[in-house]
Each structure stands twice: as C-alpha cells, then as structure tokens.
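Participant: make a model of this:
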Amino acid sequence: MQSYLSLQEILKATGGRLINLCEDNKVLIHPRQICTDTRVIKKGDFFVALKGEHFDGSDFIHEAFIKGAIGAMTEKLFLPPWDDFFIVQVRNTLKALQEIAKFYRQRFSVPIIAVTGSSGKTTVKELIARILSIRYPTFKSFGNFNNQIGIPLSLLNLSPEHKVGVVELGMNRRGEIENLSRIVQPRVGVITNVYSSHLGMLGSTLEIAKAKAEIIPFLNREKDNFLILNKDNPWSDFFYKLATCKVLTFGIEKEADFMACNIKDEGIKISFELVFFKKDRVSLTLNFPGLFNVYNVLAASGACFVFGLSLKEIKEGVESFSPLPLRFQIKKYTRCNILDDCYNANPDSVKIALSVLKKLKGGKKIAVIGDMLELGEYSSKMHESVGEFAASIKIDALFAYGEFSPFVVEGAKKGGLKESFWFKDKQELLRKLSGYVKSKDWVLVKGSRKMKMEEIVEGLGKLQ
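Facilitator: Below you'll find the model as predicted:
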C-alpha cells in the first residue's frame with residue numbers, strides 16, 4: 001500500500017493554494033516527514049506552521065528552510081525567496097493538518113480503538129496496545145498525544161503492516177472529541193469514567209459527560225461497532241441510551257460483562273479474578289498499586305476481547321505491563337518510599353491516590369499535593385474537599401503546594417489533620433519535607449501537569 005502523499009493529494013485534502021511550484025510537480029511527502037516543530041525538523045521534511053495564542057509558526061519558515069525542509073504550509077501569504085522551496089497557503093493550518101491526517105487514515109481499513117474519559121485514558125490505551133501486540137502488529141498514538149495536534153501527528157505514523165490501532169482522545173471543551181472522532185473513525189470506543197476534571201471549562205459533570213459522548217455517533221455508524229462502558233460509573237446509563245452500536249460493560253460492584261472478583265489489595269500489588277460473561281475466568285496479579293487500575297485492566301480486557309484475544313493472552317499482556325513514568329510508580333529510596341503519580345490530577349483522582357497511599361505498609365503516610373488546575377470557580381471548594389478527605393482517612397501529614405494550597409490545608413485542619421502545611425515555593429516545601437521524612441515512610445506526590453511535581457520526586461531522590 002502506498003505510504004507517500006503526493007502534493008496534489010495534500011492540496012486536495014486541505015484546499016490549499018500552491019506557491020512557488022507548478023501543481024503537476026511530482027513531489028512526494030512521507031507522512032512522517034510532516035513536522036510542526038522546527039527544533040526537530042530534518043532534511044526533506046514538510047513544515048506545517050501552526051498558529052497559537054502566543055506564537056506563529058510562519059515566523060520560523062526561514063529556519064525550516066535552513067534546516068532542509070522542502071516546503072511549508074502557512075496561513076499567511078508568503079513568497080519564498082528560494083527557488084527550491086514551495087508554500088501551501090491555507091485558511092487554517094491546524095484544520096489543514098487534521099484534514100491531511102483524516103485523508104491518510106482513510107487509506108487504511110485497520111480498525112482503531114479510541115479511549116476517552118476523565119481519568120485512566122493513557123494507562124488503558126497502553127494496556128490495550130500491550131495486550132493486542134501479543135497477536136497483532138499494533139499501532140498506538142504517541143505518549144499523551146491525545147489532542148487536536150497530537151492525534152493527527154500520531155495517525156501519520158500508520159503503516160500498511162498495522163492490523164489494529166489504539167488512540168487516546170482528550171479534550172478541554174465541547175466539540176473536541178467530535179472532531180477527533182471524525183478524524184480517527186473508531187470502530188471501538190472506550191469511555192473509562194466521568195469525573196470532575198475540566199469542571200472549570202465545562203461547568204458541570206453533565207457537560208463533561210456530553211463532551212465524552214461525542215464519540216458515540218461515530219460508533220453508531222456501524223451496528224457491529226462497539227462501545228465499552230464502566231458500569232460502576234454513574235454516567236454509564238446516560239451513554240448506554242445514546243448507543244445503537246453494540247455495548248459491552250465492565251465493573252466491580254455492578255454486574256457487567258467483564259468483572260473483577262475476589263480482589264486482594266496488598267498495597268503495592270493487587271490480585272483478582274478476571275471474569276468474562278459470568279463463566280470464563282483467569283487469575284491476575286498487578287505489580288502496581290491502586291484499585292482504579294483494576295478498572296483500567298477491565299476496560300482494556302473488554303476492548304481486546306472484541307478482537308479475539310484469549311484470557312491467556314490478556315493475562316500475559318497485563319502481567320508484563322509496567323506503569324508509565326509519573327503514573328503510580330513506586331520508588332524505594334533509603335530515606336523514604338515514593339508513590340510517584342505526578343503526571344496529572346483532578347479532585348477524584350487525588351482522593352483515589354490518597355486511598356492507595358493509606359493502604360501501603362510501612363511508616364508514616366505523607367501526601368504532597370500540587371494544585372489541581374482547570375477547576376475555575378470551583379477551585380477553592382474542590383481543593384478544600386481534598387484536604388478534608390485526607391484528614392478523614394487519617395493520613396499522617398499533608399504538604400500542599402501552589403496558589404490553592406491554603407484551601408487544601410484549611411480542609412485538612414477542619415478535619416483534624418494537624419500536620420498539614422502549605423507552600424508557595426517548591427524549594428521551601430522540599431526543605432521542610434526533607435527534614436520530616438524518615439526511613440520506611442511513604443510519600444505520595446501528585447498534582448496537575450503544569451505544577452511539575454516530579455521536581456519534588458527528584459529532590460527527594462537526591463537525599464540518599
């Protein structure tokens with residue numbers, strides 16, 4: 001199957017205007033040579049000059065040319081002074097990039113699983129890819145490339161040898177899941193859960209649920225497509241009623257198609273029985289903590305079942321899986337033990353992480369919590385609720401960092417947690433924490449991505 005895109009195909013997909021080159025020119029561009037970042041551009045690449053709130057990629061076209069790019073896509077009229085460099089002018093470069101990715105994706109009949117939800121998306125995507133790869137050459141989206149730019153760039157890495165694919169769909173506002181689903185054209189959709197992340201942008205969990213539900217009309221296009229739902233999440237029925245495609249469910253508390261039974265939570269690892277349709281079962285052991293990871297395994301198992309994976313293959317994939325960096329990684333140091341969950345945070349995921357911390361065996365249980373962002377007018381109340389929860393489960397100490405840290409501490413002290421401190425300076429927090437922790441203590445570190453809480457983990461690691 002042809003992998004290259006001709007210049008004519010790019011013009012057709014984007015409605016672009018060609019400058020400095022004849023349209024009948026036989027220029028061919030490999031999809032992986034489409035680049036949006038001049039810092040990594042290579043000879044022969046085609047530069048897409050994206051435009052954002054604080055930058056304009058067209059300002060870097062000269063740099064792209066110097067580094068060997070053969071051409072660029074831009075919104076501005078740009079007349080290159082170089083004979084061997086062409087321009088494709090479009091109305092919107094992001095939209096054009098998406099249309100190129102959609103055009104390229106349509107070349108492949110490969111079925112793609114799309115995973116969305118408030119939390120667990122990346123882990124479920126990675127679990128699915130790990131299990132499927134036991135039997136099939138599997139495509140997966142890069143790392144956390146789950147947005148309007150990342151998904152198109154990921155899809156441009158599809159190749160003829162792939163037999164199945166899995167991507168993660170993220171969003172900040174209504175319409176984004178719809179647009180990504182239009183580009184991806186999923187055959188299977190997984191909605192992990194609906195919680196209060198993005199509450200500040202969308203205003204209510206109902207609006208968040210509606211945003212996640214935007215994937216469902218694309219699954220409804222074919223009666224043999226599948227929607228996979230978390231039966232224990234209160235929004236499951238809302239999604240179910242919107243679906244005309246096939247629906248499969250997973251859960252622990254409510255009866256579902258894929259269930260976990262006889263769960264034994266031993267702190268740093270969890271064992272349980274994976275049960276399919278009340279009859280077929282297999283014993284699994286997760287070498288990473290958190291009851292929520294049982295849900296992630298159930299979601300991934302359901303998706304892999306659709307593609308014929310056996311319980312034996314699912315067991316092999318799950319038990320050989322390791323958490324991604326900054327996601328519930330256990331790091332044992334001489335000075336203390338760390339539960340590193342720095343990648344991101346919302347009120348629900350922080351409370352879940354605190355519950356995991358409480359179950360770990362050892363010394364004191366200490367939580368280091370950074371700000372949870374994108375909560376808007378609910379920020380102070382939500383941060384206070386996290387502090388109250390930490391106190392209610394009786395962890396030993398809480399260190400809060402960021403603009404909203406006083407609210408976390410206020411909630412903790414209301415609940416009776418005297419050993420709670422807030423900081424606006426990360427180094428000051430680290431100095432206080434360094435003198436506080438003792439051998440065998442457990443320290444949970446968590447916060448929103450922009451808070452860069454991994455700097456706390458790195459600082460603790462240097463205390464050896």
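Participant: check which residues of the helix or strand of the chain with the lowest mean pLDDT are buried.
Facilitator: None of the helices or strands of the chain scores lower by mean pLDDT, DSSP states H and E than helix 199-202, at a mean of 74. Under the neighbour-count criterion of 16 or more other CB atoms under 10 Å, helix 199-202 has 199-202 buried. From N, CA and C alone the C-beta is placed, and that goes for glycine too.
Participant: equivalent analysis for stretch 402-416, please.
Facilitator: 402, 404-413, 415.
Participant: which of those residues fall in helices?
Facilitator: 405-413 (DSSP state H).
Participant: what mean pLDDT does the helix or strand P217 falls within have?
Facilitator: Secondary-structure element containing P217, defined by DSSP states H and E: helix 216-219. Mean pLDDT, helix 216-219: 98.
Participant: so what touches that helix?
Facilitator: Contact with helix 216-219 is made by 178, 181-182, 185-189, 225-227, 239, 242-243, 245, as judged by CB atoms under 8 Å, 6 or more residues apart in numbering.
Participant: next SSE after it?
Facilitator: Counting by DSSP H and E, the element that comes right after helix 216-219 along the chain is strand 226-230.
Participant: against which helices or strands is that following strand packed?
Facilitator: Identification of packing neighbours for strand 226-230 by 3 or more CB pairs under 8 Å, 6 or more residues apart in numbering; DSSP states H and E yields strand 188-191, helix 216-219, helix 236-242, strand 246-251, helix 292-306.
Participant: buried deepest among these, which one?
Facilitator: Each of the helices and strands packed on strand 226-230 was given a mean neighbour count from mean count of other CB atoms under 10 Å, and the largest, a mean of 28, is that of strand 188-191.
Participant: does S181 count as helix, strand or coil?
Facilitator: Under DSSP: H, G, I helix; E, B strand; the rest coil, the three-state class of S181 is helix.
Participant: quick check, I100 in a helix?
Facilitator: Yes. Secondary structure of I100, determined by three-state DSSP: located in a helix.
Participant: most neighbours among the contacts of helix 216-219, please name it.
Facilitator: Ranked by neighbour count under the definition other CB atoms under 10 Å, those are headed by G189 with 31 neighbours.
Participant: how near is that one to N225?
Facilitator: Separation of G189 from N225 (CB to CB, to the nearest Å) stands at 8 Å.
Participant: and the gap between the nearest residue to R173 once chain neighbours are set aside and F276?
Facilitator: Spatial nearest neighbour of R173, chain neighbours left out: M201 (5.6 Å); criterion: CB to CB, 6 or more residues apart in numbering. For M201, the distance to F276 (CB to CB) stands at 37 Å.
Participant: likewise I87?
Facilitator: 55 Å.
Participant: the two: which is more packed in?
Facilitator: Looking at I87 and F276 with other CB under 10 Å, you find the greater number of neighbours at I87, namely 23 against 16.
Participant: residues touching the nearest residue to the more buried one once chain neighbours are set aside, list them.
Facilitator: Computed as CB to CB, 6+ apart, the closest residue to I87 that is not its neighbour in sequence is I19, at 4.1 Å. For I19, the contact set (CB under 8 Å, 6+ apart) comprises 77-80, 86-89.
Participant: then L18?
Facilitator: By CB under 8 Å, 6+ apart, the contact set of L18 is 7, 11, 86-88.
Participant: now, which of those residues lie within strands?
Facilitator: Secondary-structure check on the contacts of L18 using DSSP state E: residues within strands are 86-88.
Participant: need these in CSV (columns: distance to G120 and pLDDT).
Facilitator: Converted to CSV, those look like this (distance: CB to CB, whole Å; pLDDT from 0 to 100):
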residue, distance to G120, pLDDT
F86, 44, 95
I87, 42, 96
V88, 39, 97
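Participant: for N346, state which of the residues you listed is nearest.
Facilitator: Ranking the ones in strands among the contacts of L18 by separation from N346, with CB to CB as the measure, puts V88 on top at 39.6 Å.
Participant: ok, the residue most central in space within the chain to E168 distance?
Facilitator: When CA atoms, centre = their mean is applied to the chain, the residue found nearest the centroid is T122 (3.9 Å). When distances are taken as CB to CB, T122 and E168 turn out to be 6 Å apart.
Participant: for F55, find the nearest of the helices and strands packed on strand 226-230.
Facilitator: F55 lies closest, by CB to CB, to one member of those: helix 216-219, at 31.6 Å.
Participant: got a list of what the spatially closest residue to K163 that is not a sequence neighbour touches?
Facilitator: Leaving aside its sequence neighbours, K163 sits nearest to Y136 (CB to CB, 6+ apart; 4.2 Å). Under the criterion of CB under 8 Å, 6+ apart, the contact list for Y136 reads 163-164, 307.
Participant: would you mind measuring from the residue lying farthest from the centre of the chain to L21?
Facilitator: No residue in the chain sits farther from the centre than D83, which is 42.4 Å out by CA atoms, centre = their mean. For D83, the distance to L21 under the criterion CB to CB works out to 10 Å.
Participant: ditto for M171
Facilitator: Noted for M171: a distance of 37 Å to L21, by CB to CB.
Participant: swap in P234?
Facilitator: P234 sits 56 Å away from L21 when distances are taken as CB to CB.
Participant: also D224?
Facilitator: Between D224 and L21 the distance is 44 Å, computed by CB to CB.
Participant: can you check I177 too?
Facilitator: For I177, the distance to L21 under the criterion CB to CB works out to 37 Å.
Participant: neighbour-wise, which of the two wins?
Facilitator: For the pair I177 and L21, the greater number of neighbours falls to I177 (24 against 18), based on other CB under 10 Å.
Participant: is it true that that one touches K210?
Facilitator: No. Between I177 and K210 there is no contact, the gap being 9.6 Å when judged by CB atoms under 8 Å.
Participant: the domain parsing of this protein - what is it?
Facilitator: Here the domain assignment for the chain is 5-97, 108-319, 329-461, based on automatic domain parsing.
Participant: and the end-to-end length of the last one?
Facilitator: Distance across domain 329-461, first residue to last, is 13 Å (CA to CA, to the nearest Å).
Participant: repeat that for stretch 246-257.
Facilitator: Counting by CA to CA, you get 12 Å between the two ends of stretch 246-257.
Participant: how near is the residue lying closest to E75 once chain neighbours are set aside to T36?
Facilitator: Excluding its sequence neighbours, the residue lying closest to E75 (CB to CB, 6+ apart) is T93, at 5.6 Å. In this view, T93 and T36 are 9 Å apart by CB to CB.
Participant: what about these two, which has more around it?
Facilitator: With neighbours defined as other CB under 10 Å, T93 and T36 compare such that T93 has more, 25 against 18.
Participant: ok, the contacts of I19 vs D265, which is closest?
Facilitator: Out of the contacts of I19, the one with the shortest distance to D265 is V88. That distance is 55.2 Å, counting by CB to CB.
Participant: which residues does that closest one contact?
Facilitator: With contacts defined as CB under 8 Å, 6+ apart, the neighbours of V88 are 7, 10-11, 14, 16-19, 71-74, 96.
Participant: which helix or which strand is home to the residue nearest to S133 when sequence neighbours are not counted?
Facilitator: Nearest residue to S133, sequence neighbours excluded (CB to CB, 6+ apart): G317, at 7.6 Å. Element membership for G317 (DSSP H and E) is helix 311-319.
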